[in-house]
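Engineer: what would the 3D arrangement of this be:
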Amino acid sequence: MSASTPASEVSQSHKQDSQDFSNPQLPRHKRVLSVSSPESTENRRKAPKVSRACDHCKAKKARCSGTLPCTRCVQRSLQCVYDAKYTRGRARTPPAGRPQAIEVSYPTGSTNTPLAAASARPSQPAEPRSRLGSPDLDADEIEGQYYEPTSGLNFLHRAHRRLSTQISNVNPHIHSGSERTQPLETAGDKPLHGDIRVTGPVELPATAYDLLTSYFEVCLVTYIMFHRRTVMAWMDTVQRNMRQGLLPTHEISNSKLAVLFTIVAITTLKAKKMNKTPSDSWNEEDILLVTDRYYSMAASLTETEKGLPQLESAQARLIQVLYLLQTFRMNKAWYLLGNTYQIIVALGMHRRSSQNSSRTPSTRDDYIHSQCQRRTLWVAYTIDTYLSVVFGRPRYFRDEDINQDFPDSINDENMSPQGPQALDDGFERDSIMEGVIAHAKLSRIIGTTSRDVYSIFAASKQDRLAAANLARQEIRKWRSGLPAHLSSINPSSLIPGLRRQAMALKLGYCHAVMHANRPFLLDSQSTDPSVKECVEDCLSSAKVALTTLVSMASDRTIVHAYWWSPYVAFCALTITYVWEIQQRSRGRESDDESRKLFALAEKCHANLAQTASADSPSRRYAVILEELRQEARPRRLSAISSTPATETSRSTCDTRSESQGVPLAMQSLSADHPVGFGQAIQPAYEVFQPFQDWQTTDWVDLDASAFGPFQTFDETMSATYAMPRQGVASPI
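Structural biologist: Below you'll find the predicted structure:
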């Protein structure tokens with residue numbers, strides 16, 4: 001349409017456009033909005049058709065200029081690429097885009113940041129300042145996703161910055177940049193104290209035999225892979241060598257000696273933790289100076305092992321994995337578990353033995369040896385399952401590759417090389433192997449849940465719901481099959497070994513239910529009875545888990561027994577806080593049960609923060625949870641909509657009064673938060689629904705949020721938050 005077009009034709013064109021938009025007979029993509037001027041209509045018709053969008057715009061389904069770089073990527077200082085697969089014929093080379101000048105109003109800093117790009121946009125009317133409009137909640141593009149100020153993942157990015165600051169203040173080797181100088185397998189972990197290598201004779205402590213006895217009586221839970229008399233025989237050999245002035249490895253392999261050193265390290269560490277009293281002033285780093293030395297000796301022995309792998313080669317590395325997990329070296333533990341997995345499958349321990357086995361008859365017919373192989377396989381399988389959910393990563397072991405039987409439910413004293421044998425006294429005792437078998441079966445259900453419910457491939461909500469329902473059925477079946485001493489009997493009436501197993505399986509059961517049902521927590525408004533049942537089971541299990549964890553906090557014989565209990569607490573607390581946020585965002589008042597659950601969560605959260613060293617998983621989880629808690633707690637104390645100034649002032653006073661009863665550990669977590677703990681807020685938006693766009697896989701990202709690696713986050717966000725905005729203090 002040219003400038004000489006008669007006014008009547010222009011009016012007719014506008015009228016036709018308006019009619020087209022309101023015409024329900026036309027397809028939606030053919031309806032058009034009325035234009036504001038003939039020039040805009042002309043420009044729109046002359047605009048070149050974009051045949052291909054860049055990867056960033058394609059991922060966000062945003063309008064793209066189709067140039068290289070495109071306008072949107074230039075505005076956000078992103079690397080514009082066209083690497084995604086093109087399926088609409090021959091891919092055209094994007095034309096070069098014109099560079100855009102960005103005017104920056106900051107007194108200092110680089111212009112190559114999303115904030116700088118934002119400053120070049122036309123100014124908008126100022127909105128009411130609130131926590132939702134704070135520097136922590138600016139819109140950001142991170143790892144290819146665009147996060148608005150109300151994004152449900154924004155609290156994770158704030159938590160990552162706080163982790164980077166707080167942990168590096170205590171341990172300069174973590175998140176301070178020096179992790180780049182650490183070996184790849186240990187980068188981000190707390191370094192070992194005195195990374196010793198065996199260059200000469202080494203000796204076990206004089207109390208080694210007593211520590212070995214304590215390991216089997218006090219430290220074991222469901223990770224039982226050794227036969228007690230066999231390991232005791234190894235210790236006898238080493239002590240005999242020491243008395244005769246021989247090398248410790250005389251007539252004993254490196255891997256067997258490594259097992260003994262690691263057992264000494266684990267038992268020494270646990271004994272110190274369990275015997276600690278409030279009046280003790282020792283620092284955990286002091287005991288690690290001793291135990292890390294034993295571990296380093298064990299690691300040196302396995303690294304210098306020669307010849308073909310044996311059962312003890314896998315056992316030595318697997319027990320080292322357990323030491324690393326108990327001392328918070330999570331990354332190294334994951335890599336070492338991968339090495340253990342390779343040895344296990346190389347030895348064929350994942351398959352049932354056949355008549356055509358190439359192993360020697362003496363080995364094949366040794367009942368103790370074959371049972372220890374099964375024990376080692378299923379202990380590794382269980383650890384692998386829990387590490388996979390903690391890290392949000394795939395498992396090493398795949399169910400379709402394993403047909404090995406579970407170990408027999410028989411205690412060590414009833415085993416001989418020829419087979420099971422009854423004790424002379426004739427009494428039948430509960431088998432401690434029942435707990436090992438039950439935990440392995442439960443971990444198999446959890447692994448299947450991770451594969452089917454949390455699949456990274458496109459799946460409908462109904463398919464995921466069907467997988468969750470099947471998982472819930474399997475979990476109930478598993479629980480009904482537990483022996484009485486692991487289910488119905490009060491754990492306090494059991495002997496210590498069985499009590500530890502009963503508590504472990506109780507937490508494992510709660511976690512399995514939460515893991516299967518939590519993706520449907522955000523769909524609580526659904527009328528589907530299956531969804532409602534998922535939500536009810538999820539909240540019920542979270543409550544049981546929190547109650548159990550709070551009761552465990554005062555029992556030193558239990559609280560240090562499970563390396564993965566902080567993760568279970570993390571799952572239960574995130575479920576509680578997300579549920580609270582969801583209810584408030586929908587304008588629902590909390591009922592008595594919800595208030596009780598939230599109060600229980602507050603107590604468990606405080607315990608998690610108080611009992612954690614600065615670089616432990618518990619501390620990392622507590623920092624992340626505090627950010628999520630800040631989203632849940634203030635909305636219990638103020639309305640969603642804007643509040644008059646007088647009412648806001650009164651609400652703020654009430655909130656501060658309530659926060660006076662918060663434990664110091666919780667207040668310290670909030671000390672560096674841009675908004676005071678528990679202060680009332682005035683949200684800039686009428687409805688706050690931070691999780692409305694969450695996908696099932698976002699729960700996996702939440703699980704993995706405490707460990708990283710965070711290279712993409714650091715590179716993308718460091719400049720964004722390092723530069724203060726005009727008139728606003730930097731949050732760091």
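Engineer: which residues are in contact with residue 498?
Structural biologist: The neighbours of residue 498, taking Cβ atoms under 8 Å, 6 or more residues apart in numbering as the test, are 430, 432, 435, 485, 486, 491. The C-beta positions use only the backbone N, C-alpha and C, and glycine is treated the same way.
Engineer: show me what counts as buried in the helix or strand encompassing it.
Structural biologist: Assigned by DSSP states H and E, residue 498 falls within helix 496-517. Going by neighbour count (16 or more other Cβ atoms under 10 Å), the buried part of helix 496-517 is 497-517.
Engineer: domain map for this protein?
Structural biologist: 1-39, 189-425, 430-562, 576-722 (automatic domain parsing).
Engineer: mind putting those domains in JSON lines, mean pLDDT included?
Structural biologist: As requested, the domains of the chain are exported to JSON lines (pLDDT from 0 to 100):
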{"stretch": "domain 1-39", "mean pLDDT": "48"}
{"stretch": "domain 189-425", "mean pLDDT": "88"}
{"stretch": "domain 430-562", "mean pLDDT": "92"}
{"stretch": "domain 576-722", "mean pLDDT": "61"}
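Engineer: the helices in the stretch 351-500 of the chain, which residues?
Structural biologist: With DSSP state H, counting those that start in this stretch as the criterion, the stretch 351-500 of the chain has helices at 361-364, 367-391, 433-452, 461-480, 496-517.
Engineer: next, the angle from the last one to helix 433-452.
Structural biologist: Translated: helix 496-517. Orientation check (axes from the mean of the first three to the mean of the last three Cα atoms, to 10 degrees): helix 496-517 against helix 433-452 gives 10 degrees.
Engineer: residue 539: neighbour count?
Structural biologist: Other residues within reach of residue 539, judged by other Cβ atoms under 10 Å, total 22.
Engineer: please name the nearest non-neighbouring residue to it.
Structural biologist: Using Cβ to Cβ, 6 or more residues apart in numbering and skipping the chain neighbours, the partner closest in space to residue 539 is residue 579 (6.5 Å).
Engineer: what's the burial count for the one you found?
Structural biologist: By the criterion of other Cβ under 10 Å, residue 579 has 24 neighbours.
Engineer: which pLDDT value goes with residue 124?
Structural biologist: In this prediction, residue 124 carries a pLDDT score of 43.
Engineer: start and end of stretch 403-423, how far apart?
Structural biologist: End-to-end distance for stretch 403-423, by Cα to Cα, to the nearest Å: 31 Å.
Engineer: again but with stretch 68-83, I slipped
Structural biologist: Note: stretch 68-83 ends 12 Å apart using Cα to Cα.
Engineer: show me which residues of it are buried.
Structural biologist: 69, 70, 71, 72, 73, 74, 75, 76, 77, 78, 80, 82.
Engineer: list just the nearest of those residues to residue 299.
Structural biologist: Residue 299 lies nearest to residue 78 out of the buried residues of stretch 68-83, by Cβ to Cβ, at 42.9 Å.
Engineer: surely the closest one touches residue 57?
Structural biologist: No: judged on Cβ atoms under 8 Å, residue 78 makes no contact with residue 57 at a distance of 9.9 Å.
Engineer: and for those two, which residues touch both?
Structural biologist: Contacts common to residue 78 and residue 57, judged by Cβ under 8 Å, 6+ apart, are residue 72.
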